[in-house]
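In: give me a 3D structure for the following:
(one chain, ligands or ions: 1)
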Amino acid sequence: MISYDNETKIFHLDTPHTSYCMALIDGRYLSHLYYGERIGRSDLTYLLRLHDYILPPSERPDEMATFWDRLPHEYPTEGRGDFRETCLGARNAGGLLSLEPVLTDWKIHREKKTIPGLPASFGDNAQTLEIDLTDKVSGLALQLFYTVFQDADVVVRSAAVRNGGKAPIYLNRALSACLSLPEGKGKTLTFGGAWAREHMPVWREAGYGGTISESRRGAPGHSGQPFMGFLYDQGGLYGMHLIYSGSYLAKLDMDSFGDYRMAVGIHPDTFEWKLETGDIFYTPEAVLFYTPLGTEGMTGILHDFYRLHLIRNFKKNRPILINNWEATYFDFDKDRILSIAKEAAGLGVDTFVVDDGWFGKGRMQPSGDLGDWVPSKKKLPGGLRDLSAGLKALGLKLGLWFEPEMVSEDSDLFRVHPDWVLHQEGRAPAKCRDQWVLDLSNPQVREYLITSISAAIREGEVSYIKWDMNRMLSDAGSSFLPPDRQGEIWHRHILGVYEIQEQLLALFPNLIIENCASGGARFDPGMLYYSPQIWCSDNMDPVDRARIHEGTAMLYPLSAIGSHVSKSPGDITGRTSSFRTRGITAMFGCFGYELDITGLTGDEKSQISRQIDRYKELRPLFFEGDYYCLHPIGEKDRYQVLEIVSKDKQRGCIFFFQALSEANGRSLRVRLKGLSEDLCYEIRGKVYRGDALLKAGIFLPYVKQDFYAEIIAFKALPHPWT
Ligand code: GLA
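Out: Numbers count the residues shown, from 1 in each chain. Okay, here's the model as predicted:
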């Protein structure tokens, strides 16, 4: 899969359908040659245009700045005349530093390496190319890692930077990867949105000025994804997705010749890292892909890759949840929880998630108690053990909400440890949702959180936790770190989150962590490594959820998307919809309920067990099948059609959702995807040839009804026609 040709000095990496090639210029400088559909080995160095408009340094050593700015560097660095986005920048005690890393060694490892402290893809049948480069002036030594897997059309990249010099060096940028792409008109794909409107795809013409997607909040936020895509008008989509949960930068630049540079990594604006002699800094991984099949190809590649190589045990005991947040908000106690649980018992629900407010003094609004992860005597006088026993008697397990990264001013934790709050000396830290951020760079804080959360998990025999994060970082100063490490807080914060979650999973191997951040503000590949499911949005309105799910599922498998049935009219939109529609639209993810089911009508209650049965029957398809968006609802359209087909093409389903019916309309015709041409399929009692469904299509039901949802399941039959 990976080879090096001594003669042409080309590194050639193959995935099942793509090739990624790099060359060494003057035997020293690592340069990009080609990424795209799979090609055989040959001398591709003509693609560099050396002698066309740049000369290699061996011929014009004084023209380094010209050479540096034109070369399609694999890992561009600061200070020698590359004026585009670079991957690495540093300073030493004497001031600025320019870098010129040159190749010193390379190796091919027959495995995928882990990354200390960071989430990372994994899997057998992988090869990793390690390329070692050194900057002789500073002593910085770089290792670039490129992994290919036998069964995935991605190239996974990361870098490690070691201070091999004699004095401390301060990194001020360390991106994960850069990709050079040739000229050609096209559009960038990024994601935008807001709270309750997360993960909306954004297409923009690529051109001068480039495209940026970024977060400087400490998490990707509601309005971004650590992702950059580029779709050529002629076809062919390239993308980069960062396995990281903090501030990120994803950028596509166009130079004066129309060539592009795409780069992703930790946002340099909120990053500095001190390297003492011998210290190593590891960047997060970036997942690179190319597909000739546009967004459909991208979705298939990423879904498969994340299910196979990033989410640990993606099928692991996923519970059907009932959550009390939208049922009670803060206003609950043990009796109220058990009264809802009684209604849920026997319907197929597995776990009752007690949301915000069960701890400390039993807060009744979003202020106070964060940090005091002990059961409230007022709301739960018998503690978690008693609550858990009550639920167990009804056949339910206990799940608990935590917001570990935060602390309230009115909390025992803050009274004892005021110095554990992120703050700048001399200024009161800014509150948001009446809370402050804990300093996770401090190991004592991390230890406290692991101990207190573990105690609650043990006491309540908790099998699931919802890990929330309801504000972004500000006043990022630490009493723990020395002055010249204050710039490390942003990255150390997220390393702290990873460490705590990893330790909790090690202590409780059957625990499910569902990450959440005010809805979907930290829905990223990094979180997927720890939590097989992530809360997608606080907005559970069926129309809005269809839009949000659609954007989220462009990148993430349905098995990762937390999705609940809530009340009508919904608290966020005020929209009224039927229980049936809310149930069907919530099925395309990790299913659950989040409403006061004690107030449902008899008919609605009876639908719950039918919905859960249907969901359980379809779940293997949703979790393991190939997903296609046949008609996007986008931000404005009136209907959505999705399709899921099992890998063996024997089963599938079509999801039809009509937000608004059309006057003087008729049934919609869609061509299906992913079926076998050699099979027939039975759909609603009628048999169709696979090729007819793929090429000619099928009609969907014609319904004069707004907010109408239907799942049409189908299965393959032996071919009656030859
Ligand atoms: C966030 C979450 C909600 C809920 C509340 C509790 O907003 O997204 O689901 O848990 O916090 O305060």
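
In: can you give me the neighbour number for Arg60?
Out: Using other CB atoms under 10 Å, the number of residues around Arg60 comes to 12. To be clear about C-beta, it is placed using only N, CA and C from the backbone, and glycine gets the same treatment.

In: for it, which non-adjacent residue is spatially closest?
Out: Phe67 (7.4 Å; CB to CB, 6 or more residues apart in numbering).

In: any idea of the pLDDT on that neighbour?
Out: On pLDDT, Phe67 comes in at 93.

In: got the contact list for it?
Out: Ile54, Leu55, Pro56, Pro57, Arg60, Gly81 (CB atoms under 8 Å, 6 or more residues apart in numbering).

In: what helix or strand is it on?
Out: For Phe67, the host element (DSSP states H and E) is helix 64-70.

In: next one: that helix to chain centre, how far?
Out: Chain-centre distance of helix 64-70: 36 Å, with CA atoms, centre = their mean, to the nearest Å.

In: ok, stretch 337-354 next?
Out: Worked out by CA atoms, centre = their mean, stretch 337-354 lies 30 Å from the chain centre.

In: I'd like to know the beta-bridge partner residues of Val161.
Out: Using DSSP bridges, the beta-bridge partners of Val161 come out as Leu142, Phe281.

In: and it, how far from Gly487?
Out: Computed with CB to CB, to the nearest Å, the distance linking Val161 and Gly487 is 15 Å.

In: looking only at neighbour counts, state which of these two leads.
Out: Legend: neighbour count by other CB under 10 Å for Val161 and Gly487, higher for Val161 (25 against 19).

In: thought Asn172 was touching that one, still the case?
Out: No: Val161 lies out of contact with Asn172 (CB atoms under 8 Å); the separation is 11.7 Å.

In: buried ones in the helix ranked longest in the chain?
Out: Longest helix in the chain, counting residues (DSSP state H): helix 602-624. Of the residues in helix 602-624, 604-605, 607-608, 611-612, 614-615, 618-619, 621-624 count as buried by neighbour count, 16 or more other CB atoms under 10 Å.

In: how about these in TSV, adding pLDDT and distance to Phe579?
Out: Listed next are these as TSV, based on pLDDT from 0 to 100; distance: CB to CB, whole Å:
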residue	pLDDT	distance to Phe579
Glu604	94	4
Lys605	93	9
Gln607	97	6
Ile608	97	9
Gln611	98	9
Ile612	98	13
Arg614	97	13
Tyr615	97	14
Leu618	97	18
Arg619	97	20
Leu621	97	23
Phe622	96	20
Phe623	96	24
Glu624	97	28
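
In: so which of those residues comes closest to Gly265?
Out: Taking CB to CB as the measure, Gly265 lies nearest Phe623 of the buried residues of helix 602-624, at 31.0 Å.

In: for the ligand, see how far away that closest one is.
Out: Noted for Phe623: a distance of 23 Å to the ligand, by CB to the nearest ligand atom, to the nearest Å.

In: for Ser19, phi and psi?
Out: Torsion angles at Ser19 (phi, psi; degrees, to the nearest 10) stand at phi -130, psi 150.

In: count the neighbours of it for me.
Out: 21.

In: can you pull the contacts of it?
Out: Ser19 makes contact with His12, Leu13, Tyr34, Tyr35, Gly36, Glu37, Arg38, Ile39, according to CB under 8 Å, 6+ apart.

In: of all these, which comes closest to the ligand?
Out: Using CB to the nearest ligand atom, Tyr35 is the member of the contacts of Ser19 that lies nearest the ligand, at 38.0 Å.

In: in three-state terms, label whatever residue of the chain ends up closest to the ligand for me.
Out: Per CB to the nearest ligand atom, Asp356 is where the chain lies closest to the ligand, at 3.5 Å. The three-state assignment at Asp356 reads coil, by DSSP: H, G, I helix; E, B strand; the rest coil.

In: ok, and the closest non-adjacent residue to it?
Out: Leaving aside its chain neighbours, Asp356 sits nearest to Trp401 (5.3 Å; criterion: CB to CB, 6+ apart).

In: where does the one you found land on pLDDT?
Out: 98.

In: give me phi/psi at it?
Out: Here Trp401 shows phi and psi, under degrees, to the nearest 10, equal to phi -90, psi 140.

In: can you verify my assumption that it contacts Arg363?
Out: No: assessed by CB under 8 Å, Trp401 is found out of contact with Arg363, at 11.8 Å.

In: who touches both of the two?
Out: With CB under 8 Å, 6+ apart as the test, Trp401 and Arg363 both reach Asp356.

In: between the two, which has more neighbouring residues?
Out: Counted by other CB under 10 Å, Trp401 and Arg363 do not tie: Arg363 has more neighbours, with 23 against 20.

In: any idea how far Asp410 is from that one?
Out: Distance of Arg363 to Asp410, given as CB to CB: 9 Å.

In: shared neighbours, those two?
Out: Counting by CB under 8 Å, 6+ apart, the shared contacts of Arg363 and Asp410 are Asp369.

In: where does the protein have its least confident helix or strand?
Out: Lowest by mean pLDDT, DSSP states H and E among the helices and strands of the chain is strand 95-96, with a mean of 82.

In: where does this protein have low pLDDT?
Out: 721-722 (pLDDT under 70).

In: residues in it within reach of the ligand, list them.
Out: The chain comes close to the ligand at residues Trp325, Asp355, Asp356, Pro366, Trp401, Asp468, Asn470, Cys516, Ser518, Gly519, Trp535, Asp538, as judged by CB under 6 Å from any ligand atom.

In: of those residues, which is the nearest to Arg415?
Out: Pro366 (19.0 Å).

In: quick check on the nearest residue to that closest one once chain neighbours are set aside: phi, psi?
Out: Closest residue to Pro366 apart from its sequence neighbours, by CB to CB, 6+ apart: Arg433 at 5.2 Å. Taking degrees, to the nearest 10, you get phi 50, psi 30 for the backbone angles of Arg433.

In: now for the strand or helix carrying Leu288, which elements pack on it?
Out: Counting by DSSP H and E, the element that carries Leu288 is strand 286-291. The elements that strand 286-291 packs onto, with contact taken as 3 or more CB pairs under 8 Å, 6 or more residues apart in numbering; DSSP states H and E, are strand 18-25, strand 29-37, strand 154-163, strand 169-181, strand 237-242, helix 294-309.

In: one more time with 6 Å
Out: With contacts taken as 3 or more CB pairs under 6 Å, 6 or more residues apart in numbering; DSSP states H and E, strand 286-291 sits against strand 154-163, strand 237-242, helix 294-309.
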